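# Dropping a prediction and its sequence here:
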There are 6 protein chains.
Amino acid sequence: MSRFDVVSFGEALLRLSPAGQGRLAAPGALEKNAAGAELNVAAGCAQLGLSAAFLSRLPQNALGAFLAAQAREHGVSDQLLLWDESPAARLGVYYYEQASAPRKPAVVYDRRHSSFCSLSPEDLPPRAEGRLFHTSGITLALGEGPRRAAAGLMEAFRRQGGLVSFDVNYRAALWGEAEARAAIEPLLPLVDVLFVSEESLRRMFGRTGALEDIQREFAAQYGLRYVFSTRRQALTPTRHQFTSLAYDREAGQAFTEEPYEIDVVDRVGSGDSYTAGALAGLLQGGGARRAMRLGNAMAALKCTVPGDLPRTSLAEAERLMAAHGSSLPQSEMDR
Amino acid sequence: MSRFDVVSFGEALLRLSPAGQGRLAAPGALEKNAAGAELNVAAGCAQLGLSAAFLSRLPQNALGAFLAAQAREHGVSDQLLLWDESPAARLGVYYYEQASAPRKPAVVYDRRHSSFCSLSPEDLPPRAEGRLFHTSGITLALGEGPRRAAAGLMEAFRRQGGLVSFDVNYRAALWGEAEARAAIEPLLPLVDVLFVSEESLRRMFGRTGALEDIQREFAAQYGLRYVFSTRRQALTPTRHQFTSLAYDREAGQAFTEEPYEIDVVDRVGSGDSYTAGALAGLLQGGGARRAMRLGNAMAALKCTVPGDLPRTSLAEAERLMAAHGSSLPQSEMDR
Amino acid sequence: MSRFDVVSFGEALLRLSPAGQGRLAAPGALEKNAAGAELNVAAGCAQLGLSAAFLSRLPQNALGAFLAAQAREHGVSDQLLLWDESPAARLGVYYYEQASAPRKPAVVYDRRHSSFCSLSPEDLPPRAEGRLFHTSGITLALGEGPRRAAAGLMEAFRRQGGLVSFDVNYRAALWGEAEARAAIEPLLPLVDVLFVSEESLRRMFGRTGALEDIQREFAAQYGLRYVFSTRRQALTPTRHQFTSLAYDREAGQAFTEEPYEIDVVDRVGSGDSYTAGALAGLLQGGGARRAMRLGNAMAALKCTVPGDLPRTSLAEAERLMAAHGSSLPQSEMDR
Amino acid sequence: MSRFDVVSFGEALLRLSPAGQGRLAAPGALEKNAAGAELNVAAGCAQLGLSAAFLSRLPQNALGAFLAAQAREHGVSDQLLLWDESPAARLGVYYYEQASAPRKPAVVYDRRHSSFCSLSPEDLPPRAEGRLFHTSGITLALGEGPRRAAAGLMEAFRRQGGLVSFDVNYRAALWGEAEARAAIEPLLPLVDVLFVSEESLRRMFGRTGALEDIQREFAAQYGLRYVFSTRRQALTPTRHQFTSLAYDREAGQAFTEEPYEIDVVDRVGSGDSYTAGALAGLLQGGGARRAMRLGNAMAALKCTVPGDLPRTSLAEAERLMAAHGSSLPQSEMDR
Amino acid sequence: MSRFDVVSFGEALLRLSPAGQGRLAAPGALEKNAAGAELNVAAGCAQLGLSAAFLSRLPQNALGAFLAAQAREHGVSDQLLLWDESPAARLGVYYYEQASAPRKPAVVYDRRHSSFCSLSPEDLPPRAEGRLFHTSGITLALGEGPRRAAAGLMEAFRRQGGLVSFDVNYRAALWGEAEARAAIEPLLPLVDVLFVSEESLRRMFGRTGALEDIQREFAAQYGLRYVFSTRRQALTPTRHQFTSLAYDREAGQAFTEEPYEIDVVDRVGSGDSYTAGALAGLLQGGGARRAMRLGNAMAALKCTVPGDLPRTSLAEAERLMAAHGSSLPQSEMDR
Amino acid sequence: MSRFDVVSFGEALLRLSPAGQGRLAAPGALEKNAAGAELNVAAGCAQLGLSAAFLSRLPQNALGAFLAAQAREHGVSDQLLLWDESPAARLGVYYYEQASAPRKPAVVYDRRHSSFCSLSPEDLPPRAEGRLFHTSGITLALGEGPRRAAAGLMEAFRRQGGLVSFDVNYRAALWGEAEARAAIEPLLPLVDVLFVSEESLRRMFGRTGALEDIQREFAAQYGLRYVFSTRRQALTPTRHQFTSLAYDREAGQAFTEEPYEIDVVDRVGSGDSYTAGALAGLLQGGGARRAMRLGNAMAALKCTVPGDLPRTSLAEAERLMAAHGSSLPQSEMDR
């Protein structure tokens, strides 16, 4: 295993979605996109200048090849991919339908029995190295194999001096909150950087009080170095506000900024782009405030492009951050 | 003729429209949709769980076949369709151009001389049965044949104990207000459920005063059981507010609710989806208040999908009604 | 269960395929089609003027709704559809990639664990009636539940005086030849009309000699009334020749005709369209020769339209048969 | 009226056709093209370097504007267009479905009641000048007004010294052969350049014998200077052979050449492109042999581009003619 | 050179842009549009009823042919186009990427070395006539040849009694403000109608004070008859406000109106459509107030259609102006 | 510089082409593809299992980013790419129009002044390593900088023990045959593997006699280890035959096989895919015969997919080679 800045571990999915505001039940083509929370994170990190690899297991067929090619196209190394050559090999799929107010976007999941779900820790490469390892609660929810593999990788990275990042990423379609908490809590002591929504802090972990206070307690309790919580206000499916609260345990301080006003093109994956921005901010030495700001900019940018994976660059994110903070008149176009 | 819950009678049209905000006079493909006020109503009723048939006359060619297939696809029975095999057979067409502010959507009609216009009452099947019959002022405007056929069907349904629903649906492109009133007024005593816009009540029928009072008088004067008037505020072509006022003569009461805020994808046919929702609400025993609420939800949903015909389900409409009335935080997506 | 002319029983699939000669592993949209051998047969029968219903089990989600709507659009009744509301409900998918010589078309199957595979005979409606029942070896291969259900339906139709049609339809991706033969052979005495390829007769059933002789023996041995074997020559992926051999046991005679020369647009489903043509030919009283000719015409027409399901009419098939047999100069266009 | 090289007179149509091999009765967009035999001829002439105007009558709406813009785009002047501002104004439409063997292309006409059909000779501009006037039998078939206008224009052009070109262009969907002959024959003495198919010569005009002999007699009988008859062999909808026979009365000689082998993309309008090539060949002084060769090349080129109107240039036609006649190795590409 | 109402002189470009909110760096098709500030102006003038010609230099290849065809399609004469047949001939290109907030639209220019840049005054036709000549600062920035040609044409039009219109149109990508001012200032005495942004007046020309006062001084200093300055507020890439200030030196008065609220589809070229509206307003005798209002309406309409060139008509602009000024309820659609 | 199996050096281009048989001069979108002879070769090598990098110079903008992403997507490393940040940076473009008989495909080049053309040897990375270096005559034709850089790289690879591959790839649009020969001949002693067309051998190098004899002499004269010459017969733009002759100097033997019959989807780049197949065959130790066969299969496969770059795999090429050589009945589909 080469030494990458970021190694993320999770399932890749095929996303299929009708064009525009079309419906899944209607005739018409489906747009094909690569997807997967941890792949999204790796792509964002790569586009911000880090070397990033995605560790996953794909079916050895044309759809697996599509996913690997998409990973590469978005800047992510395919060196760590594992290939499932069994007749049962399959790529998980999710069908996604956009919407405009008052209709809501809708998802149909078809991700059971995938090649990733049947991964076992023994499939993993013998050595695991890198500056940072990232995975999420989705991976833990996908089965015993992925869960044990994730735990093993977290330990391995810690041992060799890497950072461990974890996104709680609770999905009610995959498991219950109690089950999730039972799986996640024992791993938190292995985590350096935690991404967790305010809702999960309150409902899954039963915390109360101001968000900043909850972050502080959480960081203290589990020895987390950073806790990030995004704050999204979905006014309508096409109009969001986005900011976040980032707690730095060493500094004993939480950071936030004014929310971005977003005309949403495709909101899926924006939380993962946030994660990528925050991780890149930390790895590039900017501290929690810069991580929070880069995360916010990445999430906002992601919302303006189609697909789950980000399509941007550090330069673009920097320009956006500069404009966001500024009270000067802004040019209308990047020429 | 089988016994359907709803039989609607009117003209089916081919709608052709450029993609997105393209112009009819520019090069580019035209999207092909089925259309027709009464077909829209039948489709909405079917999607809400009623058995619905569309009674119309189509040319015996590939375009007529398209319309019949679209009716079926949207859940409407094609058993009552009549086929015009004459060399003059034609399907009416309308060309529709979307727009964004301050430009207005535009329509070019090409519906004269259609197979439906030349329908005569003798073409109709000998028996006409069902729980409810629906037609609109458009049908009356299309010629002597359709008008006489409509009147005959209204009488026939009343005789066999069915309800009669009528939508005034005034179209200045088809006839004048005086002419329309002269045709419509004699039929009102046959009507149980009337759909009429506030504008038509005031201008065509010369009423004044509060809308609720006008509805009450109208219901009393013509023996209508229900009067529905939609209230749409088209802030821009892509931003509408929609609610309605529903008067129940027996209850002596009018019902309304807070308007829906709609990011409009395609507003055409939303009035007909309203009608479908209201009729389904009544037929499913919910009374005028439920009919008004189901109608509003159906109209709002229709505005968010492309095409004239609705593409939804009772379950989706129920979810929307629940969310609309609720002050609880709403999930951002249907997963 | 209503009394239809034809009831077919099998799995419905979602077919996803790149436009034109694009590759599955490349970026780009996927065209969405309904598919499934027995659905294809029902659609062909409906388009030839029979009442046809498709008996299957679909997930209760937007994809199941798409399949049901497509069945209706193509003329097939959705009255016999069963709906799977479990969280494990899924629609089988296959990905299909067209090709031009010397590249071959390719398929990626993702149909395991579907709602249909988990159907059990107890899910079926209590009564099963109709003039003809049709299923295929694919259904038998999909699991114990579908297999037992198919056998039960064959018996039920025979009991109530209907005909039973069966297409061997061997798919090496689903099972081995020995396993297939073991499942199929015990059911053959229940079959009136058998569709079986020459290759299956020779390899699965171990027959030798001239095809006509094999058909004769097979019909005698199992009490089959008709045996149909298609003869396709795939010169290239875009150039096929197609004819068939139809044996009528009562007449003691086999029928064939000159092959159609086909510029193939989409060959998938053409065997099922053949079956539909043959069944309609029989049910409409034309005998084996007419069945063979209508089958060939339907197969040829199917190859010229995109998608698995046919899109044609009896009138079009008749025109093609007349032209095929004729030595007169043909008009270049249907005006 | 400006003095153009070529003035053509006839109806313009909107052509709507599904993409690729799709069917009209299936869902999906329709490609929008300008069409009309005489417009096609004007466009071909313009692309070969002549100044050309199209004299027609269009509805004053977005569809009329589309036609005028398409005429301009293809190089044809819109100065002679007449605009119908009446509420009955309409643009004729035809729906066109391509096909591959053995399915045939199909047309659905919807051109009755068009603005052109109701044109009367009084609508025409007072003066009519130019080097050549062209119209066809289609125009005569569209009604009394167009017929009288055409006759008047033929006379006017002759009076002012222009040439008159006429294409018999028989369409069985518009009139019978006897009716057509009765309308056309009286006008033949006004014609200098006649385009007529071998089939029309034999069936409509009852001639027998070799085609060259029929052309010679016809030219002599009616005082025609040139008679052109195309010879197309439609092997399949996508594979044609095309050449023609051109008779020059003055030279007393008929010219032909080896047919072009054509992989057909869209054959509609290729006869009109032939006409344009032949007329340009004559007007540019090349005589009947050059006219025949330029016509053949234009017809072949038209078959390789989508739409009814040609999209080419004199330079491209010259390159094709050079290659067609040559036995030298040809470059594979125009770089 | 024919006598046109308006002759505009400048470079034509090919614009290539991804569909919707897609990114240039992502796979997918590019939409092809004609572009060029002065071409846009000519098109707008033509659509408002003036005869307009575009004087430019294009490569003699398929792309040059595309531009000429697009000019014609939009109503602009191609008679004054010059063709570059050299091997170095090229059409300038710009790539344009739309965006939604907070992402900004982006442009990649590839216009160097174009056939227009290498134009020399000697290439121009010997006589230059018309009611009005228009060019812009972009033309001056493109090189010595275009600059000298523009100056010569301005003088020639003045000599023969025509008006001269000039749009400062400063583009930082092409030159610096000091260089631009040095080139523009000497030509201002030749100008009758000046279009200049408030920003250019303040930064390039160093003016201060109220805009109206600056316009007045400017007009006085250079003998300008009219000075137009647009006022656009780009709230987001998809939401603009647009109005303008028009100064009439003779009247000694400046005119403005309430801004249009615009849901932007494509903002590029809207400044040029403003110019076209203003020039048409002046040439059609409406004075500065009408010019300002017609310009505003044209700019607003342009923003609602895709592409750089306008697609509208005087009738549509009039309807919009009437609605904009009115407090009456507006119909929702143009039927 | 990492040590790759294959390093190719040359210009990358943007290819823009209308869909299907559309014309460049017509409205409509352009499909965007990456292109460039040496990039094509690197992609083919990567897809056959070699590690491959593309050494080139791209503009630092969205189009350069597109090219780099496409390289990655197709399996090629972007590590050796150089970025041009100057204001003059540009990506060369070529516009490509497909055709069907008798029309010919056409190309419009717009590749002058590109960032690659202005590359100088000093821009290159200090060390150049790998098993094989590949470039072509196109690179030599693009200017002094690329030519000197190519020569330097050839020497460097030889020095460090790598193989050097060169494709004459003569393009008349770039230079004359004499100029090409003068540039190429001095470099031939540095070449191990030469790709040269029979036409270039005869016309540019003035050889006569049988192709095999010419190859032998050429190999002897310049010390070449292998000489490959493709033999393509372009029967029509959509129907090609393809094989090749491969000479192995050590073995003193030339190899060929029966040509592939190809239904061409997109022939551009198939020569480069041949080169990739041949190089992979050699590097994987198969010798000249295997190289020739793998090259032929790769060329045939390339012709069946859209775009310049191959989209295949070693497994697919192996399957094709097996089928090509076989007389057994072939399955119609890869399932």
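Looks like it arrived, so ask away.
# List the contacts of the residue nearest the centre of chain A.
Nearest to the geometric centre of chain A sits residue A:272, at 2.7 Å (Cα atoms, centre = their mean). Taking Cβ atoms under 8 Å, 6 or more residues apart in numbering or on different chains, we find residue A:272 in contact with A:37-38, A:40-41, A:44, A:167, A:302, A:308. Just so you know, the C-beta spots here come from the backbone N, C-alpha and C atoms, and that holds for glycine as well.
# Where does it sit, in terms of helix or strand?
When elements are assigned from DSSP states H and E, residue A:272 belongs to helix A:270-283.
# And that helix, what's buried?
For helix A:270-283, burial by neighbour count (16 or more other Cβ atoms under 10 Å in any protein chain shown) applies to A:270-283.
# Run the chain-centre distance for stretch A:68-86.
On the basis of Cα atoms, centre = their mean, to the nearest Å, stretch A:68-86 sits 17 Å off its chain's mean C-alpha point.
# next one: stretch A:249-263
Centroid separation for stretch A:249-263 versus its chain: 18 Å, with Cα atoms, centre = their mean.
# ok, back up a step: spatially, what comes nearest to the residue nearest to the centre of chain A if we skip its sequence neighbours?
Excluding its sequence neighbours, the residue lying closest to residue A:272 (Cβ to Cβ, 6 or more residues apart in numbering or on different chains) is residue A:40, at 3.4 Å.
# and that neighbour, helix, strand or coil?
helix (DSSP: H, G, I helix; E, B strand; the rest coil).
# mind listing what it touches?
Residue A:40 is in contact with A:269, A:272-273, A:275-276, A:308-310, counting by Cβ under 8 Å, 6+ apart.
# can you redo those residues as a markdown table with pLDDT and distance to residue C:249?
Converted to a markdown table, the contacts of residue A:40 look like this (pLDDT from 0 to 100; distance: Cβ to Cβ, whole Å):
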| residue | pLDDT | distance to residue C:249 |
| --- | --- | --- |
| A:269 | 97 | 62 |
| A:272 | 98 | 65 |
| A:273 | 98 | 68 |
| A:275 | 98 | 70 |
| A:276 | 98 | 70 |
| A:308 | 97 | 59 |
| A:309 | 98 | 61 |
| A:310 | 98 | 66 |
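# before we move on, back to that, if you rank the contacts of residue A:272 by neighbours, which is first?
Ranked by the number of neighbours (other Cβ atoms under 10 Å in any protein chain shown), these place residue A:44 first, at 37 neighbours.
# tell me which element that one falls in.
According to DSSP H and E, residue A:44 maps onto helix A:37-47.
# So what touches whichever helix or strand comes after that helix?
Remark: after helix A:37-47, the chain's next helix or strand is strand A:52-55, criterion DSSP H and E. Applying Cβ under 8 Å, 6+ apart, the contact partners of strand A:52-55 are A:2, A:4-10, A:12, A:38-39, A:42-43, A:45-46, A:71, A:75-82, A:124, A:130, A:153.
# quick revisit: so which of the contacts of residue A:40 is the closest to residue C:221?
Nearest to residue C:221, judged by Cβ to Cβ, of those is residue A:308 at 57.3 Å.
# From chain E, how far out is the closest one?
As defined by Cβ to the nearest Cβ, to the nearest Å, residue A:308 lies at a distance of 13 Å from chain E.
# Residue A:96 versus that residue, what's the distance?
Look at residue A:308 and residue A:96: by Cβ to Cβ, to the nearest Å, they are 9 Å apart.
# picking up where we left off before, which ones among the contacts of strand A:52-55 lie within helices?
A:38-39, A:42-43, A:45-46, A:71, A:153 (DSSP state H).
# near chain F, which residues of chain A show up?
A:65, A:69-70, A:72-75, A:313 (Cβ under 8 Å from any Cβ of the partner chain).
# what helix or strand is residue A:134 on?
strand A:130-136.
# Need the contact partners of that strand.
In contact with strand A:130-136 (Cβ under 8 Å, 6+ apart) are residues A:1, A:3-10, A:37-38, A:41-42, A:53, A:150, A:153-154, A:156-157, A:162-169, A:193, A:195, A:275, A:279, A:283.
# Can you report how many residues lie near the residue in chain A that chain D sits nearest to?
Distance from chain D to each residue of chain A (Cβ to the nearest Cβ) is smallest for residue A:27, at 4.3 Å. Residue A:27: 21 surrounding residues under other Cβ under 10 Å.
# ok, the residue lying closest to it once chain neighbours are set aside - contacts?
Among residues not flanking residue A:27 along the chain, residue D:27 sits closest, at 4.3 Å (Cβ to Cβ, 6+ apart). Contact analysis of residue D:27 by Cβ under 8 Å, 6+ apart lists A:27-28, B:32, B:70, B:73, C:73.
# just to revisit the earlier point, reformat the buried residues of helix A:270-283 into TSV and put distance to residue E:178 next to each item.
Shown next, in TSV, are the buried residues of helix A:270-283 (distance: Cβ to Cβ, whole Å):
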residue	distance to residue E:178
A:270	44
A:271	48
A:272	47
A:273	42
A:274	44
A:275	47
A:276	43
A:277	40
A:278	44
A:279	45
A:280	40
A:281	40
A:282	45
A:283	44
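# that older thread, how far away is the residue nearest to residue A:27 from residue A:22?
Distance, residue D:27 to residue A:22, by Cβ to Cβ: 11 Å.
# tell me, what's touching these two both at once?
Joint contacts of residue D:27 and residue A:22 (Cβ under 8 Å, 6+ apart) are residue A:28.
# hmm, back to that, tell me, what's touching residue A:308 and residue A:96 both at once?
Contact criterion Cβ under 8 Å, 6+ apart; residues shared by residue A:308 and residue A:96: A:15, A:268.
# ok, which stretches of the stretch 201-335 of chain A are helices?
With DSSP state H, counting those that start in this stretch as the criterion, the stretch 201-335 of chain A has helices at A:211-222, A:270-283, A:287-303, A:314-325.
# who's in contact with residue A:233?
Neighbours of residue A:233 in contact, by Cβ under 8 Å, 6+ apart: A:240-242, A:259.
# Kindly report the same for residue A:216.
With Cβ under 8 Å, 6+ apart, residue A:216 has these contacts: A:247, A:249, A:252, A:254.
# surely residue A:247 meets residue A:220?
No - with contact defined as Cβ atoms under 8 Å, residue A:247 does not reach residue A:220; the gap is 10.1 Å.
# Check the residue nearest to residue A:272 and give its pLDDT.
With respect to pLDDT, residue A:40 scores 98.
# What about the closest residue to residue A:321 other than its chain neighbours, how many residues nearby?
Distance criterion Cβ to Cβ, 6+ apart; nearest residue to residue A:321, sequence neighbours excluded, is residue A:297 at 4.9 Å. Residue A:297 sits with 28 neighbouring residues when counted by other Cβ under 10 Å.
# How many residues are close by residue A:225?
Residues lying near residue A:225 (other Cβ under 10 Å) number 18.
# Can you give me the distance of the residue nearest to residue A:27 to residue C:31?
In terms of Cβ to Cβ, residue D:27 sits 12 Å off from residue C:31.
# Give the intersection of the neighbour lists for the two.
Shared contacts of residue D:27 and residue C:31, defined by Cβ under 8 Å, 6+ apart, are absent.
# tell me which element residue A:67 falls in.
With DSSP H and E as the test, residue A:67 turns up in helix A:62-73.
# Would you mind listing the outside residues contacting that helix?
For helix A:62-73, the external contacting residues (Cβ under 8 Å, 6+ apart) are A:12, A:14, A:32-34, A:39, A:42-43, A:54, A:58, A:77-78, A:81, A:83-84, A:89, A:91, A:115, A:309, C:23-27, C:95, C:97, C:106, C:108, C:110, E:27, F:69-70, F:72-75, F:313.
# could you check the angle helix F:62-73 makes with it?
140 degrees (axes from the mean of the first three to the mean of the last three Cα atoms, to 10 degrees).
# Now for whichever residue of the stretch 151-300 of chain A sits closest to chain B: which residues touch it?
In the stretch 151-300 of chain A, the residue that lies nearest chain B is residue A:234 (4.5 Å; Cβ to the nearest Cβ). For residue A:234, the contacting residues are A:240, A:267, B:332, by Cβ under 8 Å, 6+ apart.
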